[in-house]
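Novice: Take this sequence and fold it.
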Amino acid sequence: MSHEKTVEERKAEVLIELRGYRPIRKERISEDIISYLVEDPRSGKNVLIWCVLATGTVGVQYVNRMRRAMEEHGIERGIMLSRARYTQTAKSDARKRGIELIPRIFPAFNIFKHRLVPKHEIVSPEEREMVLKRYRVKPYQLPKIRASDPAVLAIGAKPGDIVKIIRDSPTAGKHITYRYVIEE
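Specialist: From the prediction side, this is the model:
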């Protein structure tokens, strides 16, 4: 018997696809939590993704439960998705504990399949040095992009990262720009 996927499950699957994670296991661990265990091929480490089906607010109790689950399995990074609002305490605790909270506005579809959304990718450390040297700038002197930008969220860029944006151009063929990821 199959069940209809929740919005959170669809968002988790889009996130897994966009970030290139390799799925290991999916399980329902309680009435209101669906868990995905994935591998991040860039680091080779496992990441725990929780879909919290609660409505209203998601508080620090979920962050603590997730942290305990991460510790039990020796996982350093976690991602939580929910259509509920996160409390301020949950947001600050999650940041301290290595848990990324995906906001409610995260789409349940691949935004990069839209013709007006250009390709975004996180620049490697080697390319970062090359770009900064070529343009003779410090990272903070590049044009900025917020960490809350849907494309930045989708690829998992953090404040301090540099994102490469590749647009198709009718005149230039491909146009490449770089943006420095900032906090709100």
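Novice: measure the residue positioned nearest the centre of the chain to I111 for me?
Specialist: Taking CA atoms, centre = their mean, the centroid of the chain lies closest to G156, which sits 3.6 Å from it. Distance, G156 to I111, by CB to CB, to the nearest Å: 14 Å. Where you see a C-beta, it was placed from the backbone N, CA and C, and this is true even at glycine.
Novice: same deal with N46?
Specialist: With CB to CB as the criterion, N46 and I111 are 26 Å apart.
Novice: mind giving me the domain split of this structure?
Specialist: 7-102, 111-182 (automatic domain parsing).
Novice: Put together a markdown table for those, with mean pLDDT on each row.
Specialist: A markdown table is the format used below for the domains of the chain (pLDDT from 0 to 100):
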| stretch | mean pLDDT |
| --- | --- |
| domain 7-102 | 93 |
| domain 111-182 | 94 |
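Novice: Return the set of buried residues in whichever strand or helix holds Y62.
Specialist: Element membership of Y62, judged by DSSP states H and E, is helix 60-72. For helix 60-72, a neighbour-count test (16 or more other CB atoms under 10 Å) marks V60, Y62, V63, M66, R67, A69, M70 as buried.
Novice: again, but for stretch 97-116
Specialist: Applying 16+ other CB under 10 Å to stretch 97-116 flags R97, I99, E100, L101, I102, F106, A108, I111 as buried.
Novice: Name the residues that touch that stretch?
Specialist: 7, 10-11, 14-15, 17-18, 63, 66-67, 70, 76-86, 90-91, 94, 117, 119-120, 148, 150-151, 153-154, 156 (CB atoms under 8 Å, 6 or more residues apart in numbering).
Novice: So F106: helix, strand or coil?
Specialist: coil (DSSP: H, G, I helix; E, B strand; the rest coil).
Novice: Phi, psi for it please.
Specialist: Here is the backbone geometry of F106 (degrees, to the nearest 10): phi -60, psi 130.
Novice: Run through the strands of the chain in chain order.
Specialist: With DSSP state E as the criterion, the chain has strands at 22-30, 33-40, 45-52, 57-58, 77-82, 85-86, 99-102, 119-122, 144-146, 162-169, 173-182.
Novice: Highest mean neighbour count out of the domains of the chain?
Specialist: domain 7-102 (a mean of 17; mean count of other CB atoms under 10 Å).
Novice: And it, end to end?
Specialist: Terminal residues of domain 7-102 lie 13 Å apart, using CA to CA, to the nearest Å.
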